[in-house]
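Novice: Got a sequence here, can you model it:
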Amino acid sequence: YKMSENEPIFKILIASGSVAKINAVKLGVTELLYNTKNASLVIEPILHLKSGVSDQPMSDAETIAGARNRLLQITSQMMYEKNAEFAISIEGGLETNKHDSQQNYLQCFAWVCLKHRDSEDFISETRTSTFVLPDVISRAIIEDKEELGVAQDRYFSQFDKQDLGLGKGEAGTIGPLTLGAVSRSQYYAPAVTFAFIPFLHQLRNFSESVPANSLAYPLQEKTDFNQN
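Specialist: Residues are numbered from 1 along each chain as shown. Predicted coordinates:
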């Protein structure tokens with residue numbers, strides 16, 4: 001879908017300069033705008049925000065805390081000054097499998113946090129799907145304390161030199177694991193879309209905590225099915 005020059009602007013601030021994360025927001029939001037308000041999407045990165053957690057989050061709690069911490073540094077005042085209605089953050093993390101005592105492996109995932117400029121209290125939080133890392137990468141992270149991007153580059157580059165450096169790029173970890181079927185942006189994008197669900201249904205009494213917003217789907221008059 002190609003936006004026209006006459007369409008209004010819909011601006012989102014993102015707590016990252018990562019091209020993969022910016023593209024994930026673009027993928028996750030463009031269709032929503034087409035279905036709701038036909039606005040041109042503008043994504044502005046806000047750089048140098050501290051996560052307050054380790055460079056490689058190693059638990060679900062640490063990962064979502066990092067996403068929240070980055071998002072909360074984008075204040076409502078900043079959003080109004082930059083004419084942005086929403087702000088979003090994406091934080092990737094790892095955790096050991098705790099749901100099956102017969103297996104021990106690392107799972108990869110990310111948390112998405114989203115807020116509106118008119119509410120500092122309500123944050124929509126969604127988690128991506130998870131996938132398992134190869135044992136060699138898991139051991140490098142757990143035993144050698146390597147970051148995921150470093151560990152995966154060392155692993156994949158032994159098979160294909162073109163995979164060197166993908167860890168922090170568009171492909172991410174999921175790219176080479178799926179043989180290019182899913183990029184890092186495509187992996188994050190559904191969780192970005194899902195984070196907007198409370199805002200889309202704000203007028204339908206989704207929750208009293210959800211602030212009024214321009215994406216809220218309008219209420220339609222009830223249809224009397226008994227009419228002829």
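
Novice: Could you give the number of residues near Ile88?
Specialist: 27 (other C-beta atoms under 10 Å). Glycine gets a C-beta too; all of them are placed from N, C-alpha and C.

Novice: ok, it touching His116?
Specialist: No: the pair Ile88 / His116 is not scored as a contact, 10.6 Å apart, by C-beta atoms under 8 Å.

Novice: so where is the chain shaky, pLDDT-wise?
Specialist: 1-7, 98-103, 160-170, 221-228 (pLDDT under 70).

Novice: Strands along this protein, start to end?
Specialist: 9-14, 40-45, 86-96, 106-116, 124-127, 131-132 (DSSP state E).

Novice: In CSV: those strands, plus distance to Arg70.
Specialist: Shown next, in CSV, are the strands of the chain (distance: least, C-beta to C-beta, whole Å):
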stretch, distance to Arg70
strand 9-14, 9
strand 40-45, 12
strand 86-96, 4
strand 106-116, 8
strand 124-127, 13
strand 131-132, 23
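
Novice: Ok, which of those strands comes nearest Gln56?
Specialist: strand 86-96 (6.9 Å; C-beta to C-beta).

Novice: The closest one: how far from the chain's middle?
Specialist: 6 Å (C-alpha atoms, centre = their mean, to the nearest Å).

Novice: Could you do stretch 196-215 as well?
Specialist: That offset, for stretch 196-215, works out to 19 Å (C-alpha atoms, centre = their mean).

Novice: would you put the C-alpha positions of that stretch in PDB?
Specialist: C-alpha atoms of stretch 196-215 as PDB (Å, rounded to 0.1, in the frame of the first residue of the first chain):
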ATOM      1  CA  PHE A 196      -1.900  -2.200  19.700                       C
ATOM      2  CA  ILE A 197      -4.900  -4.500  20.500                       C
ATOM      3  CA  PRO A 198      -6.000  -2.700  23.700                       C
ATOM      4  CA  PHE A 199      -5.800   0.700  21.900                       C
ATOM      5  CA  LEU A 200      -7.700  -0.600  18.800                       C
ATOM      6  CA  HIS A 201     -10.600  -1.700  21.100                       C
ATOM      7  CA  GLN A 202     -10.600   1.200  23.600                       C
ATOM      8  CA  LEU A 203     -14.100   2.300  22.600                       C
ATOM      9  CA  ARG A 204     -15.300  -1.200  23.100                       C
ATOM     10  CA  ASN A 205     -14.500  -1.200  26.800                       C
ATOM     11  CA  PHE A 206     -11.400  -3.200  26.500                       C
ATOM     12  CA  SER A 207     -10.100  -1.800  29.700                       C
ATOM     13  CA  GLU A 208     -10.800   1.400  31.700                       C
ATOM     14  CA  SER A 209      -7.000   1.900  31.800                       C
ATOM     15  CA  VAL A 210      -6.600   2.300  28.000                       C
ATOM     16  CA  PRO A 211      -6.500   6.000  27.000                       C
ATOM     17  CA  ALA A 212      -8.500   7.500  24.100                       C
ATOM     18  CA  ASN A 213      -6.500   7.300  20.900                       C
ATOM     19  CA  SER A 214      -6.700   7.900  17.200                       C
ATOM     20  CA  LEU A 215      -6.600   4.200  16.400                       C
END
